[in-house]
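1. what's the 3D shape of this:
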Amino acid sequence: MTLAAFAVDWYAARAAGVVAYLLVSASVALGLLMAGRQAFKGWPRFAVEDVHRFAGLLAGVFIALHVFWLGIDSQSGLTAKTIVVPFSSSYRPFWTGLGIVAAELLLALAVTNHYRKRLRYSTWRRLHYLNFAVWAAATLHGLGAGTDSGSPAFLLLYATTTGIVGSLALRRFSRPRPADAPNTPRDASVGTRSRRTQA
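-> All right, here's what the predicted structure looks like:
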């Protein structure tokens with residue numbers, strides 16, 4: 001009975017962690033596509049922005065579930081302190097700590113997004129780039145702390161997400177932003193926001 005409960009806790013924690021990672025990856029990929037002015041056929045920009053934000057929020061829910069299941073798993077050895085304080089866990093402290101850093105940084109970014117209208121756009125944008133750090137830390141956490149991360153399926157998963165995010169980031173940052181051209185609005189989202197305000 002105890003063994004079965006352990007299996008349920010472990011599978012639930014791992015599944016929630018994988019779903020959270022996929023959602024974070026999807027949110028980062030969508031953000032890079034929007035920043036590169038990618039056209040989404042049949043999708044208005046505001047709808048894609050909503051999906052981008054919702055993926056980030058849903059990732060937070062699954063991260064909370066991941067932590068919850070690990071917290072009640074008697075075999076994980078996690079305590080309230082090791083869940084909150086990075087690199088204090090007895091289990092693979094560095095890799096586990098990266099996961100905690102990613103989760104806490106994502107929470108901080110969610111707060112800045114909530115107060116976005118009170119921040120200067122340039123400040124918010126610089127903070128938003130920290131989503132790359134969240135994604136990178138989550139990737140390393142999954143590879144280093146995941147008990148099954150060495151399996152072919154999980155290696156393929158991490159290779160695919162890294163390839164997608166890496167190629168989109170390379171494309172985004174290897175060419176000038178359209179906003180850098182003369183007589184071009186600085187950012188489409190600013191224009192969208194102002195139009196909504198005027199409406």
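
2. alpha carbons only for contacts and neighbour counts from here, please
-> Will do.

3. burial count for Ala108?
-> 13 (other CA atoms under 10 Å).

4. same deal with Gly150?
-> With other CA under 10 Å as criterion, Gly150 counts 12.

5. If I look at it, what pLDDT would I see?
-> Here the pLDDT value assigned to Gly150 is 82.

6. Under a three-state scheme, what state does it occupy?
-> Recorded secondary structure, Gly150: coil (DSSP: H, G, I helix; E, B strand; the rest coil).

7. now swap in Leu33 and tell me
-> Put simply, Leu33 is helix when judged by three-state DSSP.

8. Tell me how far the nearest residue to it once chain neighbours are set aside lies from Leu30.
-> Distances taken as CA to CA, 6 or more residues apart in numbering place Leu168 nearest to Leu33, at 7.1 Å, with adjacent residues excluded. Distance, Leu168 to Leu30, using CA to CA, to the nearest Å: 9 Å.

9. what sits up against stretch 41-58?
-> Contacts to stretch 41-58, defined as CA atoms under 8 Å, 6 or more residues apart in numbering, come from residues 20, 23-24, 26-28, 30-31, 34, 110.

10. Same question for stretch 104-123.
-> Residues outside stretch 104-123 that contact it (CA under 8 Å, 6+ apart) are 57, 60, 124, 127-128, 130-131, 134.

11. Next step: the residues you listed restricted to helices.
-> 57, 60, 124, 127-128, 130-131, 134 (DSSP state H).

12. Isn't His66 up against Trp10?
-> No - with contact defined as CA atoms under 8 Å, His66 and Trp10 do not form a contacting pair (9.5 Å).

13. Looking at the contacts of stretch 41-58, which are in helices?
-> Among the contacts of stretch 41-58, the ones falling in helices (DSSP H) are 20, 23-24, 26-28, 30-31, 34, 110.

14. With distance to Asp50, pLDDT and neighbour count added, can I get those in CSV?
-> Shown next, in CSV, are these (distance: CA to CA, whole Å; pLDDT from 0 to 100; neighbours: other CA atoms under 10 Å):
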residue, distance to Asp50, pLDDT, neighbour count
Ala20, 18, 97, 25
Leu23, 14, 96, 21
Val24, 14, 96, 26
Ala26, 13, 95, 20
Ser27, 10, 94, 24
Val28, 13, 94, 25
Leu30, 10, 91, 21
Gly31, 11, 90, 21
Met34, 12, 84, 19
Ala110, 14, 91, 17
